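Novice: Here is my input; please provide its structure:
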Amino acid sequence: MSETEEDRPRGGGGTRGAARAWLGWWLALTLLWLGLADSRRAEEVVVGVLVGAIGATAAVLVRGDRGTVLRPRPREVLAALAPLRDWPRDAVLLARALAHRPAGRIDEEPFRSGGDDDPRAAGRAALAVAGRSLAPNRIVIGIDDERGVIVSHVLVDDRTRR
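Specialist: Model prediction:
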């Protein structure tokens with residue numbers, strides 16, 4: 001049975017994209033195996049290559065089942081990691097909160113994802129949810145596309161501390 005354009009995930013790059021993804025996963029998983037095995041013996045290398053191939057094949061099969069392959073821009077990936085800078089401050093806030101359990105709040109910030117049909121917009125939305133949930137004091141609840149906001153639960157209301 002041949003694969004048609006409608007069967008492929010949007011933004012996946014077709015057969016070439018799947019081949020690039022397989023090669024990337026194979027390389028990453030093989031190197032991970034070899035790094036964890038910490039051995040240069042021939043049988044470990046062969047097993048690492050085989051395990052990498054099995055893992056890469058599984059990753060490409062899962063990739064083919066998605067409706068859209070995420071295509072975020074590198075600057076969006078870096079921006080999603082920005083909440084990591086809040087870790088030390090948030091850890092202190094949450095440690096203090098264990099004693100007296102202050103009230104949290106629901107926070108809404110303007111956010112336009114651009115819809116789920118565009119691979120770049122889908123990537124931007126996924127990164128916004130994952131990235132903003134990296135800091136321990138904030139958990140993203142969801143994106144309201146109709147109102148153009150991203151909704152988060154802030155565990156300890158820290159507005160007065162900034």
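
Novice: Quick one: low-confidence residue ranges for this protein.
Specialist: 1-12, 115-117, 158-162 (pLDDT under 70).

Novice: how long is stretch 101-113 end to end?
Specialist: Stretch 101-113 has an end-to-end distance of 34 Å (criterion: CA to CA, to the nearest Å).

Novice: So what touches that stretch?
Specialist: 121-122, 124-125, 128, 138, 141, 143-145, 147-157, 159 (CB atoms under 8 Å, 6 or more residues apart in numbering). (C-beta placed from N, C-alpha, C; glycine too.)

Novice: Of the residues you listed, which belong to strands?
Specialist: Mapping those onto strands (DSSP state E) picks out Arg138, Ile141, Ile143, Asp144, Val149, Ile150, Val151, Ser152, His153, Val154.

Novice: What is the burial count for the fourth one?
Specialist: The reference is to Asp144. 13 (other CB atoms under 10 Å).

Novice: From Asp107, how far out is the residue nearest to it when sequence neighbours are not counted?
Specialist: Distances taken as CB to CB, 6 or more residues apart in numbering put Val151 closest to Asp144, at 6.1 Å, once the chain neighbours are dropped. According to CB to CB, to the nearest Å, Val151 and Asp107 sit 7 Å apart.

Novice: ok, what's across the strand from the residue nearest to Asp144?
Specialist: Val151 has these beta-bridge partners by DSSP bridges: Glu108, Gly142.

Novice: check which helix or strand covers Gly17.
Specialist: If you go by DSSP states H and E, Gly17 is part of helix 14-37.

Novice: residues in contact with that helix?
Specialist: 8, 12-13, 44-45, 47-49, 51-53, 55-57, 59-60, 63-64, 69.

Novice: Go again with 6 Å.
Specialist: By CB atoms under 6 Å, 6 or more residues apart in numbering, the residues outside helix 14-37 that reach it are Glu44, Gly48, Val49, Val51, Gly52, Ala53, Gly55, Ala56, Ala59, Val60, Arg63.

Novice: and the two most separated of the residues you listed?
Specialist: Comparing every pair within the contacts of helix 14-37 by CB to CB identifies Glu44 and Arg63 as the most remote, at 27.7 Å.

Novice: Give the buried residues for stretch 19-28.
Specialist: Neighbour-count burial for stretch 19-28, counted by 16 or more other CB atoms under 10 Å, picks out Ala21, Trp22, Trp25, Trp26.

Novice: Restricting to C-alpha, output it in PDB.
Specialist: Provided in PDB are the C-alpha atoms of stretch 19-28 (Å, rounded to 0.1, in the frame of the first residue of the first chain):
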ATOM      1  CA  ALA A  19      14.800   9.400   6.400                       C
ATOM      2  CA  ARG A  20      16.500  12.400   8.000                       C
ATOM      3  CA  ALA A  21      14.600  11.800  11.200                       C
ATOM      4  CA  TRP A  22      15.500   8.100  11.200                       C
ATOM      5  CA  LEU A  23      19.200   8.900  10.700                       C
ATOM      6  CA  GLY A  24      19.200  11.500  13.400                       C
ATOM      7  CA  TRP A  25      17.400   9.200  15.900                       C
ATOM      8  CA  TRP A  26      19.700   6.300  15.000                       C
ATOM      9  CA  LEU A  27      22.800   8.400  15.600                       C
ATOM     10  CA  ALA A  28      21.600   9.900  18.800                       C
END
